[in-house]
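Q: Everything below, folded, please.
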Amino acid sequence: MSPWGRPGLNLPAAATPQQAIELAHLAEIGGAGAIWVPDVRRDPFVLAAAAVAGSVSVGVGTAVAVAFARSPTVTAASAWDLQSWSGGRFTLGLGTQVAALLRARFGVQAEHPAARMAEYVTAVRACFAAYRHGYGGHRGEFYAIRRPALDTGPDLDPPSDPPIRLAAVNPHMARVCGRVADGLIAHPFSTPGYLEEVVRPELARGAAEAGREAPPISVQLVVASSLEQAAMQLVPYAVPAYARVMAHLGLSGLIDEVGELTRGGRLKSAAAILADRAAGELGVIVARDASELAQGLERWAPVVDEVSLGVPWFGVGAAEQIQASTALAGWLAEI
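A: The predicted model follows:
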């Protein structure tokens with residue numbers, strides 16, 4: 001067992017709802033600490049519902065749902081119902097997504113992402129309160145919600161509010177997380193040193209501003225069969241928005257170098273550079289069995305409060321993703 005308790009399992013990006021049911025069942029049998037669903041290909045709340053249906057007692061959460069692609073009301077309604085249906089097992093994990101992907105994937109823009117996210121969390125919680133009490137709303141700089149529930153009146157048996165965690169890579173978002181969230185979800189494009197020396201102090205600073213204790217940090221780790229496969233998974237994240245991580249490693253020019261290769265379609269060359277110079281420091285574990293997985297977890301023990309494990313999806317076929325996730329779920333029982 002890890003020093004944090006049981007590691008969680010991140011469902012693969014390609015998982016269908018039926019496969020999410022099956023993998024959630026396997027993960028729970030294997031002793032997973034939680035089941036986390038992505039927002040990469042399919043609707044994360046539908047996948048979360050499938051994971052709830054496939055499990056009995058283990059926690060289920062989004063890691064992470066793209067906040068700005070949805071109104072706070074839409075997000076709150078999904079989270080509230082999942083919390084009620086699961087018997088209080090749901091965690092709402094939210095992220096901003098980088099601006100270019102937000103436009104390319106959802107066709108939307110969201111200026112001032114840190115300030116917007118802080119208000120977004122407040123608005124979601126205001127919707128929770130409206131469902132609980134039968135009235136209420138939110139008015140702020142970015143969102144004005146007067147009637148989150150058209151069918152007014154309180155829920156007869158309201159659940160507890162789902163905890164809200166925020167994804168954060170850069171210091172500003174870590175500080176927002178400290179102010180308003182119940183936990184910080186760190187990206188695989190992180191290092192132990194960066195989390196300890198950059199993210200955690202900003203998280204604590206934000207919490208102090210709000211007069212509260214700093215929430216816990218969890219990190220999502222990629223478990224791959226080779227360093228080259230792991231590095232390929234990191235290629236789409238080698239973007240300017242995450243340049244601070246490389247700068248902290250003393251590799252300030254690496255993002256530009258990888259980006260140029262990626263724009264030219266030379267993905268294997270981009271992955272080779274990451275494998276040679278940075279991937280071993282980032283949130284990846286090269287493992288072919290449970291013993292190697294346990295060894296790979298050791299360097300994260302001093303700097304995070306919780307860990308979840310997933311398999312590569314970028315450039316990896318759906319069948320291979322499911323096969324690797326099934327094996328990973330089995331390894332959880334051995335560590």
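Q: For the closest residue to Ala174 other than its chain neighbours, what are phi and psi?
A: By the measure of CB to CB, 6 or more residues apart in numbering, the closest residue to Ala174 outside its immediate chain neighbours is Glu202, 4.0 Å from it. No exception for glycine: its C-beta is placed from N, CA and C like everyone else's. When read as degrees, to the nearest 10, the backbone of Glu202 gives phi -70, psi -40.
Q: Tell me the spacing between Glu202 and Ala279.
A: Glu202 sits at a distance of 25 Å from Ala279 (criterion: CB to CB, to the nearest Å).
Q: Next SSE downstream of the helix or strand bottoming out on mean pLDDT in the chain?
A: For the chain, using mean pLDDT, DSSP states H and E, the weakest element among its helices and strands is helix 99-101, scoring a mean of 90. Once helix 99-101 ends, the next helix or strand along the chain (criterion: DSSP states H and E) is helix 113-133.
Q: Note down every partner strand of the helix or strand that comes right after that next one and its orientation.
A: From helix 113-133 onward toward the C-terminus, using DSSP H and E, the following helix or strand is strand 138-139. In its sheet, strand 138-139 lies beside strand 144-145 (antiparallel), with partners assigned from DSSP bridges.
Q: Now do the helix or strand just after the partner strand: everything it contacts.
A: Next along the chain after strand 144-145, taking DSSP H and E as the criterion, comes strand 164-167. Under the criterion CB atoms under 8 Å, 6 or more residues apart in numbering, residues 61, 63-64, 91-96, 117, 121, 124-125, 173, 176-177, 180-187, 215, 218 lie in contact with strand 164-167.
Q: Among these, which ones are in helices?
A: Those of these mapping onto helices are 117, 121, 124-125, 173, 176-177, 180, per DSSP state H.
Q: Columns pLDDT, distance to Ile255 and neighbour count on top of those residues, output as a markdown table?
A: Below are those laid out as a markdown table (pLDDT from 0 to 100; distance: CB to CB, whole Å; neighbours: other CB atoms under 10 Å):
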| residue | pLDDT | distance to Ile255 | neighbour count |
| --- | --- | --- | --- |
| Met117 | 98 | 23 | 26 |
| Val121 | 98 | 29 | 23 |
| Val124 | 98 | 32 | 30 |
| Arg125 | 98 | 35 | 17 |
| Met173 | 98 | 18 | 24 |
| Val176 | 98 | 23 | 26 |
| Cys177 | 98 | 23 | 30 |
| Val180 | 98 | 29 | 21 |
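Q: returning to that earlier point: show me which residues of the least confident helix or strand of the chain are buried.
A: Applying a neighbour-count criterion of 16 or more other CB atoms under 10 Å, one finds Ala99 buried in helix 99-101.
Q: count of neighbours near His138?
A: Other residues within reach of His138, judged by other CB atoms under 10 Å, total 23.
Q: got the contact list for it?
A: Taking CB under 8 Å, 6+ apart as the definition, contacts of His138 comprise 72, 122-123, 126-127, 144-145.
Q: Buried only: go through these for me.
A: With burial judged by 16+ other CB under 10 Å, the buried subset of the contacts of His138 is 72, 123, 126-127, 145.
Q: Strands of the chain, residue ranges please.
A: Here the chain has its strands, by DSSP state E, at 8-10, 34-37, 59-62, 65-66, 90-95, 138-139, 144-145, 164-167, 183-186, 217-224, 284-286, 306-310.
Q: Show me what the fourth one is packed up against.
A: Counting contacts by 3 or more CB pairs under 8 Å, 6 or more residues apart in numbering; DSSP states H and E, the secondary-structure elements packed against strand 65-66 are strand 90-95.
Q: And for the strand it packs on, what's in contact with it?
A: Contacts of strand 90-95 with the rest of the structure, by CB under 8 Å, 6+ apart, involve 34, 36, 39, 48, 52, 59-67, 75, 79, 82-83, 117, 120-121, 124, 162-167, 182-183, 185.
Q: Direction included, what does that strand pair up with?
A: Strands that pair with strand 90-95, judged by DSSP bridges, come out as strand 59-62 (parallel), strand 65-66 (parallel), strand 164-167 (parallel).
Q: got the contact list for the shortest one?
A: For strand 65-66, contacts defined as CB under 8 Å, 6+ apart pick out 39, 44-45, 75, 92-97, 102, 105-106.
Q: Just the buried ones among these, please.
A: Applying 16+ other CB under 10 Å to the contacts of strand 65-66 flags 39, 44-45, 75, 92-97, 102 as buried.
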